[in-house]
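K.L.:
I'll drop the sequence and a predicted model, then ask my questions.
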Amino acid sequence: MSLQDFISPGRTVLVPGDPGYEDELGGFQTGFTLRPDAVFATRSAEDVVAAVTYAAAEGLPVGVQATGHGLPGDAEGGVLITTRRMDAVTVDARARTVRVRAGVTWRQVVEAAEPYGLAPLNGSAPGVGAVAYTLGGGLGILAREFGYAADHVRSLDVVTADGRLRHVSAARAEPSDGGELFWGLLGGGANLGVVTELEIGLVPVARLYGGSLAFDGRAVDPVAALRAYERWTATVPDGLTSSFAAVPYPDVPALPPHLRGRYVLSVRVAYTGTASDGERLVAPLRGIGPVLADSLREMPYAESRTIHSDPDFPHAYYGDSAVLGALDEDAVDAVGELLALTGPDAPSMYVVQVNHLGGALARPRPNAVPHREGRFLVRVLGGVDGPARELLHRALATVEPWTIGRALNFAYGAGGTEGTGGEDSRGARGLYDPRTRKRLAGLKSAYDPANLFRRNYGVAAVSSRA
């Protein structure tokens, strides 16, 4: 069968040289190029079925892209499925659930849920694709209270490598998969099929106390600040989720005056309790040093994007992460070495973030999200050139003795799924514990033995190492 056999009225399929081909490839990540042989600009699950069926018939790899925060490098020379037009959001306020299609961003879900006093378990950046973020686990701004986004999924519609559209759920799994496919999709990333829609629970949060405290990293010792933050995290309830960040800002007019040319240390906070309790809980942080900026306040949940104020413009980046089993005195010193390597004197700009884990994140759930025993997550973002990437991995090596794994959603590289990174120069080492990897490999053998979806994350089919 030829590609023409899969083109029908209303279905858009593009090949190199076609008008619109280059525009269809555009996304948030600009650091890497992508040249698939065919792009299916899908509007429906049926379009996705057609794309997967064609790829299977031709033996071509398949990648998926919604907003392009991560690049589907497995589509190079193969088939890319773009889902941005599949953007319907349907809220069931009574059931406290929302159905989101494959191209939906978290901004859309937050806006749809707000009128009902409900909120999704979204991340810090509102422009990220909701589906792939969730398939990678989904570490959000309310994570310590409610867990991973994947923990709240009720059902998924997925097109597997045989071109079949399947509906799998926590309540009613197909006899043929015994619930395993539902388990593996949540935390397994884009390795088992193309999820066209998911139903996920919402939480009754209409407002929160949150924001950030910023300090001058040249006036305040970064290691002392991190040590104060670590001690503080031991005193807070599960309803408070926070992170520590270190960012050397360039001296450019586009930035606010208090950030220009400064090395800024900040603590970001999201707390669902009262504002008065929030003020009491964060008070010890003010002892870290003179405050450059203070945005802590009570806010409607719709403004939660301002807590981190992640950049919303396309740009190039590369990054990786380390899940730490502890952040004791020696580990803090090791992170201090990491900060010294990536700080304002580094040859290129790096962003370091330390997320406080625990709470609901540590509770076992029926999905493939690994490393729940982790206490902290260290994330580093930097440039895409070789020297910048080499220094980034050298920095993360400083915390190797305390590292129990890596977080799939924060392993950005030259190819990965939406909201995730995928394999890079460190390979897939540490993305899963051995037991989870073995169980996912069994699913890979059952549902994609020919390895159509090649974002393996170290999990290949038992019968195929392609």
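P.N.:
Yep, that arrived.
K.L.:
need the helices for the stretch 301-450 of the chain, in chain order.
P.N.:
Secondary structure of the stretch 301-450 of the chain by DSSP state H, counting those that start in this stretch: the helices cover 329-342, 386-397, 434-447.
K.L.:
got the buried residues for the shortest one?
P.N.:
Translated: helix 386-397. For helix 386-397, the neighbour count (16 or more other Cβ atoms under 10 Å) marks Ala388, Arg389, Leu391, Leu392, Ala395, Leu396, Ala397 as buried. The way it works is simple: take the backbone N, C-alpha and C, and place the C-beta from them, glycine included.
K.L.:
distance between that helix and the chain's centre?
P.N.:
Centre-to-centre, helix 386-397 and its host chain are 21 Å apart (Cα atoms, centre = their mean, to the nearest Å).
K.L.:
quick one on the thing from earlier: among the buried residues of helix 386-397, which one sits closest to Val236?
P.N.:
Distance to Val236, by Cβ to Cβ, is smallest for Leu396 among the buried residues of helix 386-397, at 26.1 Å.
K.L.:
Let me see the contact set for the closest one.
P.N.:
Asp320, Ser321, Ala322, Leu338, Val378, Val380, Thr403 (Cβ atoms under 8 Å, 6 or more residues apart in numbering).
K.L.:
if you set the cut-off to 6 Å instead, what comes out?
P.N.:
Shown in contact with Leu396 (Cβ atoms under 6 Å, 6 or more residues apart in numbering): Asp320, Ala322.
K.L.:
neighbours around Phe146, how many?
P.N.:
22 (other Cβ atoms under 10 Å).
K.L.:
meant to ask about Leu121
P.N.:
Residues near Leu121, counting by other Cβ under 10 Å: 28.
K.L.:
ok so it is a helix residue?
P.N.:
No - Leu121: not assigned to a helix; according to DSSP: H, G, I helix; E, B strand; the rest coil it is coil.
K.L.:
quick one, what contacts it?
P.N.:
Going by Cβ under 6 Å, 6+ apart, the list of residues near Leu121 reads Gly140, Phe146, Ala149.
K.L.:
Can I get the helices of the stretch 301-450 of the chain in CSV including mean pLDDT and distance to Val194?
P.N.:
Formatted as CSV, those follow (pLDDT from 0 to 100; distance: least, Cβ to Cβ, whole Å):
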stretch, mean pLDDT, distance to Val194
helix 329-342, 97, 36
helix 386-397, 96, 29
helix 434-447, 95, 12
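K.L.:
Out of those helices, flag the one nearest Val351.
P.N.:
Of the helices of the stretch 301-450 of the chain, the one closest to Val351 (Cβ to Cβ) turns out to be helix 329-342, at 8.2 Å.
K.L.:
From the chain's centroid, how far away is that closest one?
P.N.:
Worked out by Cα atoms, centre = their mean, helix 329-342 lies 24 Å from the chain centre.
K.L.:
Mind listing residues that contact it?
P.N.:
Counting by Cβ under 6 Å, 6+ apart, Pro222, Val223, Leu226, Arg227, Glu230, Ala246, Tyr350, Val352, Ala395, Thr398, Val399, Trp402 sit against helix 329-342.
K.L.:
By neighbour count, which of these wins?
P.N.:
Val352 (27 neighbours).
K.L.:
and the gap between that residue and Thr272?
P.N.:
26 Å (Cβ to Cβ, to the nearest Å).
K.L.:
And Ala125, by the same measure?
P.N.:
Distance from Ala125 to Thr272, counting by Cβ to Cβ: 20 Å.
K.L.:
residues near Gly193, how many?
P.N.:
Neighbours around Gly193, by other Cβ under 10 Å: 30.
K.L.:
these two touch, right, it and Gly163?
P.N.:
No - with contact defined as Cβ atoms under 6 Å, Gly193 does not reach Gly163; the gap is 10.2 Å.
K.L.:
In stretch 342-351, which residues are buried?
P.N.:
Buried-residue list, stretch 342-351, by 16+ other Cβ under 10 Å: Thr342, Gly343, Pro344, Ala346, Met349, Tyr350, Val351.
K.L.:
ditto for stretch 7-22
P.N.:
Neighbour-count burial for stretch 7-22 flags Arg11, Thr12, Val13, Leu14, Tyr21 (criterion: 16+ other Cβ under 10 Å).
K.L.:
So Leu292, which state does it fall into?
P.N.:
Applying three-state DSSP: Leu292 is strand.
K.L.:
Mind exporting the C-alpha coordinates of stretch 201-214 to CSV?
P.N.:
Only the C-alpha atoms of stretch 201-214 are listed here, as CSV (Å, rounded to 0.1, in the frame of the first residue of the first chain):
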residue,chain,number,x,y,z
GLY,A,201,-9.6,13.5,37.8
LEU,A,202,-9.8,17.1,38.9
VAL,A,203,-9.2,18.4,42.4
PRO,A,204,-11.4,20.9,44.4
VAL,A,205,-8.9,23.7,44.4
ALA,A,206,-10.1,27.2,43.4
ARG,A,207,-7.4,29.2,45.1
LEU,A,208,-4.0,28.8,46.7
TYR,A,209,-1.3,30.6,48.6
GLY,A,210,1.8,30.7,46.4
GLY,A,211,4.5,32.6,44.6
SER,A,212,8.3,32.8,45.1
LEU,A,213,10.9,34.4,47.3
ALA,A,214,14.0,35.5,45.3
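K.L.:
Quick check: mean pLDDT of it?
P.N.:
What stretch 201-214 shows for mean pLDDT is 98.
K.L.:
Kindly report the same for stretch 70-85.
P.N.:
What stretch 70-85 shows for mean pLDDT is 85.
K.L.:
follow-up on the earlier one: quick one: which of the contacts of helix 329-342 sit in strands?
P.N.:
Among the contacts of helix 329-342, the members falling in strands are Ala246, Val352 (criterion: DSSP state E).
K.L.:
Wait, a helix at Val39?
P.N.:
No - read with three-state DSSP, Val39 is strand and lies in no helix.
K.L.:
what's around it, how many residues?
P.N.:
By other Cβ under 10 Å, 25 other residues sit near Val39.
K.L.:
what's near enough to touch it?
P.N.:
Val39 makes contacts with Leu14, Glu24, Leu80, as judged by Cβ under 6 Å, 6+ apart.
K.L.:
Sitting in helices, which of those residues do you find?
P.N.:
Mapping these onto helices (DSSP state H) picks out Glu24.
K.L.:
Let me have the contacts of Val39 in JSON lines, extended by distance to Ile288.
P.N.:
Output for the contacts of Val39, formatted as JSON lines (distance: Cβ to Cβ, whole Å):
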{"residue": "Leu14", "distance to Ile288": "52"}
{"residue": "Glu24", "distance to Ile288": "47"}
{"residue": "Leu80", "distance to Ile288": "46"}
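K.L.:
wait, doesn't Gly163 sit right on Thr53?
P.N.:
Yes - counting by Cβ under 6 Å, Thr53 is a contact partner of Gly163 at 3.9 Å.
K.L.:
Nearest residue to the middle of the protein?
P.N.:
Compute the mean C-alpha point of the chain, and by Cα atoms, centre = their mean the closest residue is Asn409, 3.6 Å away.
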